[in-house]
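> Whatever this is, show me its structure:
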Amino acid sequence: GACHDTRFLATTRPFLLGVPVHDEFVTLLVAEVRALTVGPGTDPATTLCPLSSPKQRDSVLADLGRAVAQGATVLTGGGADAERPHGCYVEPTVLAGVTPDMAVWREEVFGPVLAVRAVGGFTAAVEAVNDSGFGLAAAVFTRDLGSVYRFADEAECGQVAVNTTTTGWDVHLPFGGFHDSGTGYKEQGEEVLRFSTRVKTVAVHFGAPGRADG
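The predicted structure follows:
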């Protein structure tokens, strides 16, 4: 059914928003993104640091250019930080009009880029989350406990967060994804024992035929 009070997101891929909350959420989101302060990590006023290298900066800018060329709309940001052309800075960016056939939907963008997409309800949101070759983490924001349990059960990813972001997982919890985001093993927690060990099976048959007794 319709999810009038449920908001969905998949990390490094678009925010999936129920149609009833989409417009208001996007307005608030753009305002929050525009309030970010881009700068060096050594500046206490900075709330958005640069990327790790010129190569990573150029990769994110290429992703943005391709998204726009494929029909996405830039609501804020969208390019390199003009005030710091010497550094690896990218403007915090919000994209709208993202569709499943766009590369920005299919591929992860490791930079300050967030796309938003409206969906028609809970089932459509879960289908959109699972419409990916990746499956590390996803989050659901909702007041509906039934939606929480359904999302946890149906989302094809290694971690699920509820009413919080998918960052900062406790080191005691197993960490690892599904599909192209996973290896079949989990890091951290007791599961790390399986990640860090290799199992060998040995079968020994005592009294086998042909045994030499001396």
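> So R150 is in contact with V126, correct?
Yes: applying C-beta atoms under 8 Å as the test, R150 and V126 come out as touching, 7.5 Å apart. (Glycine included, C-beta is placed from N, CA and C.)
> Mind checking which of these two has more residues around it?
V126 (22 against 16; other C-beta atoms under 10 Å).
> That one: which element?
In this structure, V126 sits in helix 122-130 according to DSSP states H and E.
> A62 now?
Counting by DSSP H and E, A62 is part of helix 54-69.
> Now that helix: buried residues?
Buried positions in helix 54-69, judged by neighbour count with 16 or more other C-beta atoms under 10 Å: R57, S59, V60, L61, D63, L64, A67, V68.
> contacting residues around the fifth one?
What that stands for is D63. A103, V104, E107, V109, G111, V113 (C-beta atoms under 8 Å, 6 or more residues apart in numbering).
> make it 10 Å
Contacts for D63 were tallied using C-beta atoms under 10 Å, 6 or more residues apart in numbering; they are V90, T93, L95, A103, V104, E107, E108, V109, F110, G111, V113.
> Flag the shaky bits of this structure, pLDDT-wise.
1-13, 166-172, 174-185, 187-189, 208-214 (pLDDT under 70).
> Just want the angle from the helix or strand harbouring V30 to helix 122-130.
Using DSSP H and E, V30 sits in helix 19-34. Orientation check (axes from the mean of the first three to the mean of the last three C-alpha atoms, to 10 degrees): helix 19-34 against helix 122-130 gives 40 degrees.
> circling back to that earlier point, please indicate which of the contacts of D63 are buried?
Buried among the contacts of D63 (16+ other C-beta under 10 Å): V90, T93, L95, V104, E108, V109, G111, V113.
> For the residue nearest to the second one when sequence neighbours are not counted, what are phi and psi?
Of all residues not flanking T93 in the chain, G77 sits nearest, at 3.3 Å (C-beta to C-beta, 6 or more residues apart in numbering). Listed backbone geometry of G77 is phi 80, psi -140, with angles given as degrees, to the nearest 10.
> Tabulate the buried residues of helix 54-69 in a markdown table, adding columns for distance to P20.
As requested, the buried residues of helix 54-69 are exported to a markdown table (distance: C-beta to C-beta, whole Å):
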| residue | distance to P20 |
| --- | --- |
| R57 | 37 |
| S59 | 36 |
| V60 | 32 |
| L61 | 34 |
| D63 | 30 |
| L64 | 29 |
| A67 | 26 |
| V68 | 28 |
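> Just the closest of these to L36, please.
Using C-beta to C-beta, V60 comes nearest to L36 of the buried residues of helix 54-69, at 15.3 Å.
> how about stretch 90-99: buried residues?
Neighbour-count burial for stretch 90-99 flags V90, E91, P92, T93, V94, L95, A96, G97, V98 (criterion: 16+ other C-beta under 10 Å).
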